[in-house]
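> following is a predicted model, sequence given first.
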Amino acid sequence: MIEKQGENITEDEAALYDRQIRLWGLDAQKRLRASRVLVAGLCGLGAEVTKNLVLSGVKSITMLDHRKVTQIDVCANFLAPHDSLGKNIAEASKERAQILNPMVQVTADTDNIVDKNDEYFTQFDVVCISRCQREHLVRINNICNQNKILFFAGDVFGMFGYTFTDVQEHHYVEEVKEHKTVKKQDGKTQTNETTKMVKRVETFYPLSQALDVDWTTKKYASQLRRVSPAYFIMHIIMEFMSLHGRTPDPAHRKEDEVELLTIKNALMDKMNIPQEKVNNNFAGIVFGQMSPVCAIVGGILAQEIIKTVSQKDPPNNNFFFFSTLDGAGVVECVGH
């Protein structure tokens, strides 16, 4: 949790962030102004998150990605110019990100995230990761958890996307309206409404715990029917990435669809989940990056980061899923 109030807001910043300050208050803007953010994975989702955080007025943002710009990237990542094909995607995205808000320090890091040691992540207040294999997500989440760093993860695969939040223990202030009925001198009653600020605390749990759920236990077996199939689709894609070191590729659509269904059958059996819980149609919608889905999921992910840092409202605890299979976004709390 970010305790520091941060540096004073300059007159120029007060003018630039006037609408935000009116919305969530000066103290919340100061917390944002003090926040150093890492965004790892400059896919379409990473670009959306970067844009929203730069515009919100964080102190600094580091864009980390070792990959080169692909044709899919120039369609989904609006920060990477069309003539940047083959260049490092973090470097290619830096200029446009900086133009969005000159008051935010924007830097690019071209290293591979798996090569970063534990100390690297401790220089940030917020770590947000996409396009990363499950084992690396878990490792970095554990580092953040041990060092009280706010951790967020997410990804978009075609028409499917998810986010995950672990901010350990989140303290926030919530507006609560109270209604009190009073008796007037003429004998009539009047209801007065007052608003007070109430301090609350919400507990979060690490990704390893949210992924390693025994669905045969009484607690979770009773919840299985209500849990979104998207949670298990996420598991299947994570397994695909761990096995193949890449995301499902439109250039290999036929064989990748077969592989996704093979993984689904094995994983559902391993987790003791009925096969019909996940419709096989999912395998056809998880290729490439759909810009509208990146915008939706990226907007949610950046929103959760801003809510957490500003301490104005509680973030989603702990997953958010979006899929065109059901055309809706859902919040799922798994692993508690």
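Yep, it's here.
> my guess is residue 329 meets residue 303, correct?
No - in this structure residue 329 lies outside contact range of residue 303 using C-beta atoms under 8 Å: 11.6 Å. Placement of C-beta: from N, CA and C, glycine included.
> which elements pack onto the helix-or-strand element of the chain with minimal mean pLDDT?
Within the chain, no helix or strand scores below strand 169-183, which has a mean of 79 by mean pLDDT, DSSP states H and E. If contacts are counted by 3 or more C-beta pairs under 8 Å, 6 or more residues apart in numbering; DSSP states H and E, strand 169-183 sits against strand 189-203.
> ok, the strand it packs on: who's next to it in the sheet?
The strands that strand 189-203 pairs with in its sheet are strand 169-183 (antiparallel) (by DSSP bridges).
> can you name the residues in contact with the strand it pairs with?
Outside strand 169-183, the residues that touch it by C-beta atoms under 8 Å, 6 or more residues apart in numbering are 1, 189-204, 307-308, 311-315.
> list the buried ones in that strand?
For strand 169-183, the neighbour count (16 or more other C-beta atoms under 10 Å) marks 170, 172-173 as buried.
> quick one: the helices in the stretch 1-150 of the chain?
11-16, 18-24, 26-33, 44-56, 71-76, 89-100, 118-121, 134-146 (DSSP state H, counting those that start in this stretch).
> hey, which of those helices is tucked in deepest?
Greatest average neighbour count among the helices of the stretch 1-150 of the chain goes to helix 44-56 (a mean of 26), per mean count of other C-beta atoms under 10 Å.
> how about that one as CSV, C-alpha atoms only?
The C-alpha coordinates for helix 44-56 follow below in CSV (Å, rounded to 0.1, in the frame of the first residue of the first chain):
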residue,chain,number,x,y,z
GLY,A,44,-2.3,-3.7,-27.2
LEU,A,45,-3.3,-4.2,-23.6
GLY,A,46,0.0,-2.7,-22.3
ALA,A,47,-0.5,0.3,-24.6
GLU,A,48,-4.0,1.0,-23.2
VAL,A,49,-2.8,0.7,-19.6
THR,A,50,0.2,3.0,-20.3
LYS,A,51,-2.0,5.6,-22.0
ASN,A,52,-4.4,5.8,-19.1
LEU,A,53,-1.7,5.9,-16.4
VAL,A,54,0.3,8.6,-18.2
LEU,A,55,-2.8,10.7,-18.6
SER,A,56,-3.7,10.2,-14.9
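> got the angle between it and helix 26-33?
Between the axes of helix 44-56 and helix 26-33, defined by axes from the mean of the first three to the mean of the last three C-alpha atoms, to 10 degrees, the angle is 130 degrees.
> where does pLDDT dip in the stretch 101-250 of the chain?
Applying pLDDT under 70 to the stretch 101-250 of the chain flags no residue at all.
> contacting residues around the residue most central in space within the chain?
Nearest to the mean C-alpha position of the chain, counting by C-alpha atoms, centre = their mean, stands residue 301 at 3.5 Å. Residues in contact with residue 301 (C-beta under 8 Å, 6+ apart) are 45, 48-49, 128, 152, 154, 163, 320.
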